[in-house]
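Chemist: The following comprises the amino acid sequence and a computationally predicted model.
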Amino acid sequence: MDRASLPPELNWIDDGPVALDFGGPVDVPYDRDAVRLLRDEGGFAAVRAAAARFPDKVAVFDGKLALTYAEFLDRVYGLATRLVAQWPQRTILASLVHNSAASPVIIMATAVAGHLLVPIDAGHPSQRQAAIFQESGAVGLILEECGEVDDSIAPAGLPRIKIDPRVPSHAAEPQIRYDPDAPLFVAFTSGSTGRPKGVAAGGRYGGISLGQFIAKYHINAADVVISLASLSVGGSRDAFVALSSGATLRICDIRDGLGEILRVLGEEGGTILSFIPTALRMVLGVPGAEDAFRHLRVLDLHGESILASDIALFREKLPRDCLVSVTMGSLEAGAVFSWFVDDARIDGASAPVGYLLPGRRIALIDETGAPVSSGEIGELLVRGPMAMGAWRGGKLAPGPFLPDPDDPHSRIYPMGDLVRQRSDGLFEFVGRKDRQVKIRGLWADLGEVEAALRNLDAVIDVAVVAVRRPGEGDRLVAFLVLENGVMPPSLGAVRQVVGAATAEHMAPTEIHYLSRIPRLPNFKLDLVRLDMLAAGQHQG
């Protein structure tokens, strides 16, 4: 969709019927001043205030290094002072670090120094690192003290600064004029094809959305926020939310293995965890995993469709008083829908994605761009403050955003998601436009096929792709991962289950069994590898 095809009149919905914490932890206190500071003055003002209240409390722990709030602030000021001395304000810098205590120091030091940061995860494949750096426009690089960078990723002569968060700086906060409307950092998502896609985040909406996260879950100084995401794919949110609230940010790296994540959750009392269902299914499959979640009070699920069977599994494994929340949004638009799941209100194969969040405006349109009637499925358009733009070649670009004709500070973003609103105000996710394919002239949704396949006995993970071979139409190819020792069902049995749950034309015509489904670092399906597997294999 482009601006020329946007209808002049749309039915914009902005009447979210419930409060952020409806059905949630209303009896848990939290710091409302932190939410106000995030909204009015930006992220670091709230962190500074939390450090003044809790100077000796552990702010950040990565399994090797623990920093109190006072020590964390010292490291931030020390790095910010060096950045100010080396580069003029609003310089584009890249960082190349692992998930460690250095990560939140870097994101906040660049903000204090008035620079823009492009974080790159040192644990990601070198090809991805190089692709992000090429798009970044960075003129300087921040590394960990023992960090090195290959010339194929960044030029050897590029100016760089190394940080060792173990060493005190005794520096004061640099006096830099903060611009609340400036982008703070650039996040690169993988997308389903693995090609990095940059989005400039920050500005006033960044602070508002962080405050909403705190207010929804009542995050407070007693919490331990488990952060599994690197700065390059969302870890910055965990850092600002935890450290604005006086909580402890426990940084983990999912590449350390499921056992280590379970140990941290159980032994270190993790209370807040954001996860995607695919990863959580894997974690809960480890024997005795439920004991590690005994301290968890909030589980935030996001990133993909949440099945009713997922909710049932998570309820079985998690503490009885643990709140399960579902959130739907995007890096570009931020969170759009969310709710604390009430199992009695799940009446289909998937859980609703929630109520419209306060301050959000949406419209639902059909294939022609016309508004859909109440209760009908439509493509989701989001309107209002959101990410500041796409990031291409070191510059802000309009990207997928459309201008709002009524407000220069607002944008319109076609998310590509198909949703519908129920009569009770909850919204349901139906599918993705880019996962809709035609089989024998009839529409099929790949996500719906995957949901049906998950109902097969002993299925651990699934993926479905559409392929076209010479002389043939599109065909659906399914990939399944089964529990060890289970006899794979026949193609006929699989087709019967899927056809009964969806439609006959949506039953896969090929099925392959794998030891694991190829996925990107953010757990999205690696469609490039799946397409290669589908092209190179045939059902026997």
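Modeler: Happy to help now that I have it. Numbering: from 1, shown residues only.
Chemist: Isn't G354 up against F429?
Modeler: No: counting by Cβ atoms under 8 Å, F429 is not a contact partner of G354; they are 9.6 Å apart. The way it works is simple: take the backbone N, C-alpha and C, and place the C-beta from them, glycine included.
Chemist: Mutual contacts of those two, please.
Modeler: M328 (Cβ atoms under 8 Å, 6 or more residues apart in numbering).
Chemist: And these two? Which one has more around it.
Modeler: G354 (25 against 22; other Cβ atoms under 10 Å).
Chemist: so what's the closest residue to K433 other than its chain neighbours up against?
Modeler: Leaving aside its chain neighbours, K433 sits nearest to G416 (4.7 Å; criterion: Cβ to Cβ, 6 or more residues apart in numbering). Applying Cβ under 8 Å, 6+ apart, we find G416 in contact with E379, L380, R432, K433, D434.
Chemist: So that I can see them in PyMOL, could you write out a selection of the buried residues among these?
Modeler: Buried residues within the contacts of G416, by 16 or more other Cβ atoms under 10 Å, are selected in PyMOL with:
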select buried, resi 379+380+432
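Chemist: got the buried residues for the helix of greatest length in the chain?
Modeler: Counting by DSSP state H, the longest helix found in the chain is helix 69-86. Residues of helix 69-86 classed as buried by neighbour count (16+ other Cβ under 10 Å): 69, 71-84.
Chemist: what does stretch 454-472 give?
Modeler: The neighbour-count check on stretch 454-472 (16+ other Cβ under 10 Å) flags R454, L456, V459, I460, D461, V462, A463, V464, V465, A466, V467 as buried.
Chemist: Adjacent strands (with direction) for the strand or helix carrying the fifth one?
Modeler: Element membership of D461, judged by DSSP states H and E, is strand 459-468. Using DSSP bridges, strand 459-468 pairs in its sheet with strand 474-482 (antiparallel).
Chemist: Can you point out the buried residues in the next helix or strand after the partner strand?
Modeler: Moving toward the C-terminus from strand 474-482, the next helix or strand (DSSP H and E) is helix 491-501. Across helix 491-501, burial judged by 16+ other Cβ under 10 Å covers L491, V494, R495, V497, V498, A501.
Chemist: and the nearest residue to K57 once chain neighbours are set aside, what is it in contact with?
Modeler: In space, and not counting its chain neighbours, K57 is closest to Y69: 5.7 Å by Cβ to Cβ, 6+ apart. Neighbour list for Y69: A50, A51, F54, P55, D56, K57, A59, L243, G246 [criterion: Cβ under 8 Å, 6+ apart].
Chemist: and the gap between Y69 and D62?
Modeler: Relative to D62, Y69 is positioned 15 Å away (Cβ to Cβ, to the nearest Å).
Chemist: from what I can see I511 touches L480, true?
Modeler: Yes: using Cβ under 8 Å, I511 is in contact with L480, at 6.5 Å.
Chemist: joint contacts of these two?
Modeler: Contacts common to I511 and L480, judged by Cβ under 8 Å, 6+ apart, are V494.
Chemist: so the residue nearest to K433 is in which element?
Modeler: Short version, using DSSP H and E: G416 is in strand 411-421.
Chemist: Any regions of the stretch 51-200 of the chain where pLDDT drops low?
Modeler: Filtered on pLDDT under 70, the stretch 51-200 of the chain yields the residue ranges 180, 190-195.
Chemist: That should have said the stretch 401-540 of the chain, apologies.
Modeler: 469-473, 521-523, 537-540.
Chemist: Mind doing that once more with 80?
Modeler: Residue ranges of the stretch 401-540 of the chain with pLDDT under 80: 408-409, 434-438, 440-443, 468-474, 520-524, 536-540.
Chemist: Could you pull up the residues touching A242?
Modeler: Contacts of A242 (Cβ under 8 Å, 6+ apart): I219, D223, V225, S227, T248, L249, I272.
Chemist: per-residue confidence at it?
Modeler: As predicted, A242 sits at a pLDDT of 97.
Chemist: ok, now F22?
Modeler: For F22, the model assigns a pLDDT of 95.
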